[in-house]
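1. Sharing a sequence plus its predicted fold:
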Amino acid sequence: MNDHLILPDPGQPNFCGRCASPLGLTERGGRMRPTCPACGWVYFAKPAFGAAIAIEIDGQIVLVQRKHEPYQGWWMLPAGFVEYEEFAEDTAVREAEEETGLVVTLTGLLGLYHGLSDPRNPSHLAVYAARPIGGEMHPADDALDVRTFAPDALPEKIAFEGQRYALRDWAASAALRADLRLPAPRFLTFLAAGPAAPVLVYTVIENPRGSKARLKYNPQTGVFAPTGRLLPWSAPFHYGWIPHTLSANGSELDIWVVDERPASPGSVIVARPVGILFLESGDHKAVALPAMASHGHVEVAELAQLPEVRRAIEDCYPLRDGEIRNWGDATAARQFILEAQERWLAERGPC
């Protein structure tokens, strides 16, 4: 499915990297790519490449706690981006010492993972297995804390999609070696809200664009049924919710999806949050664009770039009683979705 999903390229240039001429768009290799009309230079977007290290000590894994956003305070394997002309193995060993104080030797490759949940860039992650041969474990560089965790006691807040899959594989391998039977790790629940939540989320459509009769999903019957109430407006965009999230009011987090394509109640759209509307009532609304490559707003990273969309949504929430508080950007939307995912896991997640 991810073959058809897109994210704006944060590194796409406007000027040629060779001669500084303004770039145009030309089809190359089946995609529209920035191309220099003067010298012919073509920009090819590339995912980031990172290296992580799974250091095992007495059957437990070493994790570091992130000091900075994104995912500040969450746990992960020591990792970093591979520098130009650097071997991935060297990156892993370097990051281990910089973040944990441990000198390690590599014992194998755990796997190669792909992730879209980092808002800075899609990435590939090579994860190496290792054991310590020196040093003293302590948090350093951009780590708040460093600890070891048993395969049946991994923390719930694991940062980044690729890291979650890597730790899932490590836990399964460690449990097999120790002859343990483990349930699925709780942190995998964070994957249920989307293919790369909170960057890409699933949206279950409840009221399609143009509808006026209020529909609501009944989880007991599995049916989208009319409530008998008319909306005070014709829905300007598709309206629904993000599964496996929980707002402060006890229901799933609502979301508007700006999509001109038709949809039906119960349709699921993979969407990319670009903003959030904060209401005085606390019933806040995320706003997203479809993440499919065929969508017309592939270059839009922030809702502020679409003022007409904001106005259309604002018209749905009258200013009486100060109902509209303010707008948040894409970062605020992603953070709010993460908090809603945490709330769902705490109250309704697996035991």
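-> Alright, I've got the coordinates. Numbers count the residues shown, from 1 in each chain.
2. which SS class is Ser234?
-> Per DSSP: H, G, I helix; E, B strand; the rest coil, the local secondary structure of Ser234 is coil.
3. leaving aside the residues next to it on the chain, what's closest to it?
-> Using Cβ to Cβ, 6 or more residues apart in numbering and skipping the chain neighbours, the partner closest in space to Ser234 is Lys212 (5.3 Å). No exception for glycine: its C-beta is placed from N, CA and C like everyone else's.
4. what's the neighbour count on the one you found?
-> 12 (other Cβ atoms under 10 Å).
5. quick one, what contacts it?
-> Leu230, Leu231, Trp233, Ser234, Ala235 (Cβ atoms under 8 Å, 6 or more residues apart in numbering).
6. For burial, what's the neighbour tally of the fourth one?
-> Read it as Ser234. Should you count by other Cβ under 10 Å, Ser234 turns out to have 12 residues around it.
7. Over to the first one?
-> Burial of Leu230 is recorded as 12 neighbouring residues (other Cβ under 10 Å).
8. Looking at the contacts of Lys212, spot the one nearest Gln65.
-> Ala235 (42.2 Å; Cβ to Cβ).
9. Contact partners for the closest one?
-> Applying Cβ under 8 Å, 6+ apart to Ala235 gives the contacts Asn207, Pro208, Arg209, Gly210, Ser211, Lys212, Cys316.
10. Phi, psi for Thr331 please.
-> phi -60, psi -40 (degrees, to the nearest 10).
11. For the chain, give me the ranges with low pLDDT.
-> For the chain, the stretches with pLDDT under 70 are 1-6, 293-296, 319-322, 349-351.
12. looking at it, which residue lies furthest from center?
-> Distance to the chain centre peaks in the chain at Ala38, reaching 37.8 Å (criterion: Cα atoms, centre = their mean).
13. can you map out the strands along the stretch 201-350 of the chain?
-> Under the criterion DSSP state E, counting those that start in this stretch, the stretch 201-350 of the chain carries strands at the ranges 201-207, 213-218, 223-230, 238-242, 253-257, 268-279, 285-290, 324-328.
14. what helices or strands is the second one leaning on?
-> Strand 213-218 makes packing contacts with strand 201-207, strand 223-230 when contacts are defined by 3 or more Cβ pairs under 8 Å, 6 or more residues apart in numbering; DSSP states H and E.
15. and what of the fifth one?
-> With contacts taken as 3+ Cβ pairs under 8 Å, 6+ apart, strand 253-257 sits against strand 201-207, strand 238-242, strand 268-279, strand 285-290, helix 330-348.
16. do the first one as well
-> Helices and strands touching strand 201-207, as assessed by 3+ Cβ pairs under 8 Å, 6+ apart, comprise strand 213-218, strand 238-242, strand 253-257, strand 268-279.
17. quick one, which of the helices and strands packed on strand 213-218 is packed in tightest?
-> Comparing these by mean neighbour count (mean count of other Cβ atoms under 10 Å), strand 201-207 comes out on top with a mean of 23.
18. tell me the angle that strand makes with helix 330-348.
-> Relative orientation of strand 201-207 versus helix 330-348 (axes from the mean of the first three to the mean of the last three Cα atoms, to 10 degrees): 80 degrees.
19. Can you spell out the domain ranges of the chain, please?
-> With domains defined by automatic domain parsing, the chain comprises 2-35, 48-182, 201-348.
20. Which one of those lies nearest to Leu191?
-> domain 48-182 (6.5 Å).
21. Let me have the helices and strands packed on strand 213-218 in a markdown table, adding distance to Gly134 as columns.
-> Below are these laid out as a markdown table (distance: least, Cβ to Cβ, whole Å):
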| stretch | distance to Gly134 |
| --- | --- |
| strand 201-207 | 43 |
| strand 223-230 | 61 |
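22. Compare these and give me the one nearest Asp145.
-> Closest to Asp145 of the helices and strands packed on strand 213-218 is strand 201-207 (Cβ to Cβ; 28.9 Å).
23. Given that closest one, what are its sheet partners and their directions?
-> Neighbouring strands of strand 201-207 in its sheet, by DSSP bridges, are strand 238-242 (antiparallel), strand 268-279 (antiparallel).
24. re the thing from before, how about the nearest residue to the residue farthest from the centre of the chain, chain neighbours excluded?
-> Computed as Cβ to Cβ, 6+ apart, the closest residue to Ala38 that is not its neighbour in sequence is Ser21, at 4.1 Å.
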